[in-house]
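Colleague: Just a sequence and a predicted model for now, questions to come.
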Amino acid sequence: MKDNLLTVPTPRGIKRTNLPLDPKTTKKQWGRIGEWLAAIDRSSRWWVGDWICFSDANYGEAYGKETCDLLGLAYSSVTDSAYVAKRFHFSRRRENLSFSHHAEVACLKEKDADEWLDTAETKGWSRNELREAVRRLKRHEAIAAAGALPAGTYNVILADPPWTFSNQSSETRQIENQYPTMDLSDICAMDVELASAEDAVLFLWVPSSMIPEGFEVLSAWGFTYKSMLVWVKDQIGMGWWVRNRHEPLLIASRGSIPPPADAATRSDSVVEAPRGEHSAKPEKFYSIIEAMFPDAQRLELFSREGRDGWKPWGTES
């Protein structure tokens, strides 16, 4: 539309819950109103984001949750809108792509984000098609950077896969923004048996909402479930059915590796420890495993920093 949306006359008596149209409205006028509504729908997230950015620039503060509640705006939606608006100057916003397209690449470097948006615009990708293409590239790059699994005879393996969550409550706080995720099929396809001894034990971190997928991975990697440890965190997290404050660490074995003979080295199944950086696991769990199997050859898959006595494998190790 050529008109400034804020100067287009709106139907009289318009309210949040209804759009009354004059019976004398012509088809042409009806079409113009439809264009106006569609433009508002496409623009509202940008406008909210720019509104917050204006506050930051001119008043030195952004509206908090209390103000958003007062205005009837969802705080998470407002903060997401502001994040994307800050990442994209007016000149970089694509008229032919949705706000959600921009949100998918907002965490990337400016040059990379622009290239992805150019591709999406040229190929006519939906938001989901753009998301999958970016995620697939990140995943392949991460696996290539990590290299092949180390061949060997590790009889203790600790793994913290970058699971892909099917539900996300925020467009701009995707797990993919923290690290490249992997689909379940990709995790299952990893040749972990190549790195494990004939008699071995596996410790597998699994989000509480994905325990069935965790059992699929155990089976695909050639291990049989035995028990679990549970990390109870000091802060409540997100969740669709309940707000999660715990995370399971599945224990599985292959061959005839025995459990710890000394009862003193068998940990309480519930371990309380504070949360650290995103996805980082407490030091306490390494100590527990080391006490259970002190003489083992230990391998950590998807290692973040590496640790003495462990062979690290992963993009961050």
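Modeller: Arrived safely, thanks for sending. This one's a predicted model, so the numbers in the text were calculated from it and none came from an experiment.
Colleague: Helices of the stretch 201-317 of the chain, start to end?
Modeller: 211-220, 283-292 (DSSP state H, counting those that start in this stretch).
Colleague: can you tell me how far residue 214 sits from residue 51?
Modeller: For residue 214, the distance to residue 51 under the criterion CB to CB, to the nearest Å works out to 43 Å. Heads up, the C-betas are built off the backbone N, CA and C, glycines and all.
Colleague: Distance check, the nearest residue to residue 164 once chain neighbours are set aside against residue 165.
Modeller: The spatial neighbour of residue 164 that comes closest, neighbours along the chain excluded (CB to CB, 6 or more residues apart in numbering), is residue 181 at 4.3 Å. In this structure, residue 181 lies at 8 Å from residue 165, with CB to CB as the measure.
Colleague: higher neighbour count, these two?
Modeller: Taking residue 181 and residue 165 together and counting by other CB atoms under 10 Å, residue 181 has the greater number of neighbours (19 against 14).
Colleague: Surely the residue nearest to residue 164 touches residue 136?
Modeller: No. Counting by CB atoms under 8 Å, residue 181 does not reach residue 136; the two are 10.4 Å apart.
Colleague: related to what we said a few turns ago, so which of the helices of the stretch 201-317 of the chain comes closest to residue 130?
Modeller: Distances from residue 130 to each of these were compared using CB to CB; the minimum, 24.9 Å, belongs to helix 211-220.
Colleague: Buried residues in that closest one, which are they?
Modeller: Residues of helix 211-220 classed as buried under the neighbour-count rule (16 or more other CB atoms under 10 Å) are 213, 214, 215, 217, 218, 220.
Colleague: Which residue is the nearest non-sequential neighbour of the fifth one?
Modeller: It refers to residue 218. Across the structure, with CB to CB, 6+ apart as the measure, the residue nearest residue 218 apart from its sequence neighbours is residue 252 (4.7 Å).
Colleague: for the last one, same thing?
Modeller: Of all residues beyond its chain neighbours, the one nearest residue 220 is residue 188 (3.7 Å), with distances taken as CB to CB, 6+ apart.
Colleague: Where does the prediction get shaky in this structure?
Modeller: Counting by pLDDT under 70, the chain has low-confidence residues at 1-11, 61-63, 139, 142-147, 166-180, 278-279, 315-317.
Colleague: again, only this time at 50
Modeller: Judged by pLDDT under 50, the chain has its weakly predicted residues at 1, 168-170, 172-178, 317.
Colleague: care to break it down by domain?
Modeller: Domain assignment for the chain, taken from automatic domain parsing, gives 5-137, 149-313.
Colleague: Residue 245 against residue 237, yeah?
Modeller: Yes. Assessed by CB under 8 Å, residue 245 is found in contact with residue 237 at 6.3 Å.
Colleague: isn't there a strand covering residue 152?
Modeller: No. The assignment for residue 152, made by DSSP: H, G, I helix; E, B strand; the rest coil, is coil rather than a strand.
Colleague: Pull the number of nearby residues for it.
Modeller: Close neighbours of residue 152, defined as other CB under 10 Å, add up to 13.
Colleague: ok, it - contacts?
Modeller: Contact analysis of residue 152 by CB atoms under 8 Å, 6 or more residues apart in numbering lists 195, 297, 299, 311.
Colleague: Correct me if wrong, but residue 81 is in a helix.
Modeller: Yes. Judged by three-state DSSP, residue 81 forms part of a helix.
Colleague: I'd guessed it sits against residue 43; true?
Modeller: No. Counting by CB under 8 Å, residue 43 is not a contact partner of residue 81; they are 11.1 Å apart.
Colleague: quick one, which of the two is more surrounded?
Modeller: The residue with the greater number of neighbours, taking residue 81 and residue 43 and applying other CB under 10 Å, is residue 81; the counts read 26 against 13.
Colleague: so which of the domains of the chain is the most packed in?
Modeller: Mean neighbour counts were compared across the domains of the chain using mean count of other CB atoms under 10 Å; the top stretch is domain 149-313, at a mean of 16.
Colleague: so how far is residue 300 from residue 261?
Modeller: 24 Å.
Colleague: just checking, residue 292 touches residue 263?
Modeller: No. In this structure, residue 292 is not within contact of residue 263 by CB under 8 Å, at 11.2 Å.
Colleague: how far away is residue 57 from residue 85?
Modeller: Going from residue 57 to residue 85 by CB to CB gives 11 Å.
Colleague: Now do the strands in the stretch 1-150 of the chain.
Modeller: Remark: no strands are assigned in the stretch 1-150 of the chain by DSSP state E, counting those that start in this stretch.
Colleague: surely residue 187 meets residue 161?
Modeller: Yes. With contact defined as CB under 8 Å, residue 187 counts as touching residue 161 (4.9 Å).
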